[in-house]
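Enquirer: what's the 3D shape of this:
(chains A and B)
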Amino acid sequence: MDTATVQKIVKEIEKFTPTHESAHVGRVVSVGDGVVAIDGLSKAVMSEIIVFEEGKGQKLAQTLKEHQELFGLILNLEEDGVRATILGDTARVVEGMTVKSTGRILSVPSGEELLGRVVNALGEPLDGKGPFKKTTLMPVERQASGVIDRKSVTVPLATGVKSIDAMIPIGRGQRELIIGDRGTGKTTVAIDTIINQRNEPAAKRPVCIYVAIGQKESKTARIVEQLRRERALEYTIVVDAPASAPAALQYLAPFSGVAIGEYFMDQGKDVLIVYDDLSKQAVAYRELSLLLRRPPGREAYPGDIFYLHSRLLERACRLGDEKGGGSITALPIIETQDGDVSGYIPTNVISITDGQIFLITELFNKGVRPAIDVGISVSRVGSSAQTKAMKSVAGGLKLQLAQFRDLEAFMQFAQDLDKATADQIASGQRMVELLKQKNGAPIPLEMQAAVLYAAGYKLFSEVSIADVRRTEQLLTEFFDGQYSKTLAEIKKSGMLSDDTKRELNKAIEEFRSAHKELFVESE
Amino acid sequence: METDYAQALWDVIQKGAAPKDAVESLKESLEAHGRLALTSRIARAFERIATRDRQRNGVTLLIARERDERTAKHAAHAILEDMGVKPSDVTVAIDDSLIGGWRLEGRERLVDGSYKKYLSEMYNRATRA
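Expert: Numbers count the residues shown, from 1 in each chain, chains lettered A, B, ... in the order given. As a prediction, the model looks like this:
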């Protein structure tokens, strides 16, 4: 023990006045699988934090050495006791142990200090960068904002993914589900969206929260590294409840994430939160509920599984100006089995959210990235948040692609098709190529608008399908280098004025003359 | 099933039935249903209920040394009165890990006036600040 500590202890002894506080307690009756049955605690409330008293009967030196409080969370109030889940190492709890009520509802720390950090479901740092100094405690369970406090979604949230921003636009305060089978690029879309926020001006940039639920530690580590590399970690908070964490923490993680986000929303800031993924949270909640002996329902999920997700996702909203005008945009992820979107959890979450982005294996295997099926993807409120610039260039895109998917089946009889149909198929193929995008390379909204404007200008119809992506690459470089002012104007105004259109037409013509080798089909 | 029988027996006795009569009635009922084999298990379940009840309603005063009993009882007098417990109904036990002082436990209340608690809190305040 160092001298400073000794001096502090001496001071403590000098000002010591013996007082004793009365605590409301219970006793552990049984413990197993992370759940404890407690006799007593008749005045405890739901979601209350309890503390396990570990040092009883132990010598003082031993108690001081092992002092790291073990908490639990009350999840069931029963006739002759309560059931709680252990928020830590189950092995530390023994039968007969005294459990103290704290009178506190579970809260997590939040604040600017958390930006760039990785925390667990209890808000404790996991990245070895030391404890937080100044934070505000936010309740993990909080009633979602009411109708009066809310405002409709009108401000766009750019994902940087062309096909989403053009056809399934997302607004700030919206809840847009990302759904698809394993390995179809769901996380990639979400991470690209977080990375793309670096293109926003600092004052308008949303605080991003990535909640990893039941994921492999290696995957989360890779994502954190990617965010750091792309300079996105500085405005992102990662809440990690890995597959190895107790079910209770996996169940709590999304609520902790949104509680952290609410701190920023209450300050009038915008927040983007990704829940990766809610199917794993549902599985963790099912495990917990079965251990708590709650009656199982469909697929053994408890009866309140819908409420679990609805109360979480309802907390994403856009507040009115009287409440500061902050917002939480939620991107929940759901994993389907063999493309079955009619499963219990997928249908629940589809019905709660304001739209969904479907990613399908078939497109993924064909090399279409992101593998979004635009035919069944929808954004119910996002169109009112789409910029005029994007609206004007992406108007008929969705219909055009849907028609192309219908005609795709006839492609094998291409020689028998009339010219109009063949042209429509060729145009669809070019559009599919144009909407392809590399992982981790989000495109700013103004560039997307310019590229789609060029597509509307029939620039790509003269390019062979194999060259579409290369042409797009060269075109974006050309716009960036020669017409950055025009792009800045689109970004600033959010629309394509007649002057801007003239500038873009000029740029396209210049590009066409500069890269004649690409336009072989017209010759 | 044995827990239900034991709980029923416990409730009947709590309501004022003579224990001997209650056990006789239970035996007759078990015999009539061909469940006499459950008797020993019911007895163990009954014991568990009794232990739980004792723990729930009993009050224990823990002291570090035998000679502290009088002082501890005097210090805890007001609390015991508040809990509606007569000092004579309190079970006194010795736990030398308390170092000094006393600790009262029972009826969902814990009042810790032990030196161990004071020292532990002091140490935590000094080392965490």
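Enquirer: okay, now the domains of the chain?
Expert: You didn't pick a chain, so chain A it is. A:21-106, A:109-127+A:151-174+A:206-386, A:393-518 (automatic domain parsing).
Enquirer: think we crossed wires, I meant chain B
Expert: B:2-56, B:59-128.
Enquirer: now do the same for the longest one: mean pLDDT, whole number.
Expert: So that's domain B:59-128. Averaging pLDDT along domain B:59-128 gives 88.
Enquirer: around chain A, pick out the residues from chain B.
Expert: B:52, B:55-56, B:79, B:95, B:97, B:99, B:101, B:105, B:108-113, B:116, B:118-120, B:122-127, B:129 (C-beta under 8 Å from any C-beta of the partner chain). C-betas here are computed from N, CA, C, even on glycine.
Enquirer: among the domains of chain A, which is the most enclosed?
Expert: Among the domains of chain A, ranked by average contacts under mean count of other C-beta atoms under 10 Å in any protein chain shown, first place goes to domain A:109-127+A:151-174+A:206-386 (a mean of 21).
Enquirer: how about A:P332, secondary structure?
Expert: Using DSSP: H, G, I helix; E, B strand; the rest coil as the criterion, the local structure at A:P332 reads strand.
Enquirer: show me what contacts the closest residue to it other than its chain neighbours?
Expert: In this structure, A:P332 finds its nearest non-sequential neighbour in A:Y275, 4.4 Å apart by C-beta to C-beta, 6 or more residues apart in numbering or on different chains. A:Y275 makes contact with A:211, A:213, A:254, A:257, A:281, A:312, A:330-333 under the criterion C-beta atoms under 8 Å, 6 or more residues apart in numbering or on different chains.
Enquirer: circling back: can I get the domains of chain B in TSV including mean neighbour count and distance to A:A455?
Expert: Output for the domains of chain B, formatted as TSV (neighbours: other C-beta atoms under 10 Å in any protein chain shown; distance: least, C-beta to C-beta, whole Å):
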stretch	mean neighbour count	distance to A:A455
domain B:2-56	14	73
domain B:59-128	17	62
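Enquirer: so which of the ones you listed is nearest A:Q448?
Expert: With C-beta to C-beta as the measure, domain B:59-128 is the member of the domains of chain B nearest A:Q448 (51.6 Å).
Enquirer: chain center to that closest one, what's the gap?
Expert: 15 Å (C-alpha atoms, centre = their mean, to the nearest Å).
Enquirer: ok, now stretch A:256-273?
Expert: 12 Å.
Enquirer: can you check stretch B:15-33 too?
Expert: Remark: stretch B:15-33 is offset 26 Å from the chain centroid, using C-alpha atoms, centre = their mean.
Enquirer: cool, and stretch A:9-29?
Expert: With C-alpha atoms, centre = their mean, you get 43 Å for stretch A:9-29.
Enquirer: now the terminal residues of that stretch, how far apart.
Expert: Stretch A:9-29 has an end-to-end distance of 37 Å (C-alpha to C-alpha, to the nearest Å).
Enquirer: repeat that for stretch A:38-45.
Expert: Stretch A:38-45: ends 13 Å apart by C-alpha to C-alpha.
Enquirer: tell me where the longest helix sits in chain B.
Expert: The longest helix of chain B (DSSP state H) is helix B:39-57.
Enquirer: hang on, the earlier thing: just the contacts of A:Y275 now: which is nearest chain B?
Expert: A:G257 (27.2 Å; C-beta to the nearest C-beta).
Enquirer: so who does that closest one touch?
Expert: Per C-beta under 8 Å, 6+ apart, neighbours of A:G257: A:209, A:211, A:237, A:239, A:273, A:275.
Enquirer: swap in A:Q281?
Expert: Contacts here follow C-beta under 8 Å, 6+ apart; on that basis A:Q281 touches A:213-214, A:250-251, A:253-254, A:275, A:308.
Enquirer: ranges for the strands of chain B?
Expert: B:59-63, B:91-94, B:101-106, B:109-114 (DSSP state E).
Enquirer: pick out the residue closest to the middle of chain B.
Expert: B:Q55 (1.9 Å; C-alpha atoms, centre = their mean).
Enquirer: contact partners for that residue?
Expert: Counting by C-beta under 8 Å, 6+ apart, B:Q55 makes contact with A:27, A:39, B:106.
Enquirer: the helix or strand harbouring A:V211 pairs with which strands?
Expert: A:V211 is part of strand A:207-213, with elements assigned from DSSP states H and E. Using DSSP bridges, the strands paired with strand A:207-213 are strand A:236-241 (parallel), strand A:270-276 (parallel).
Enquirer: for the helix or strand just after that strand, packing partners?
Expert: Downstream of strand A:207-213, the first helix or strand assigned by DSSP H and E is helix A:217-229. In terms of contacts (3 or more C-beta pairs under 8 Å, 6 or more residues apart in numbering or on different chains; DSSP states H and E), helix A:217-229 is packed against helix A:186-196, strand A:207-213, strand A:236-241.
Enquirer: and for the shortest one, what are the contacting residues?
Expert: What that stands for is strand A:236-241. Defining contact as C-beta under 8 Å, 6+ apart, one finds that strand A:236-241 is touched by A:114-121, A:126, A:194, A:207-215, A:217, A:220, A:223-224, A:227, A:249-250, A:252-253, A:256-257, A:260.
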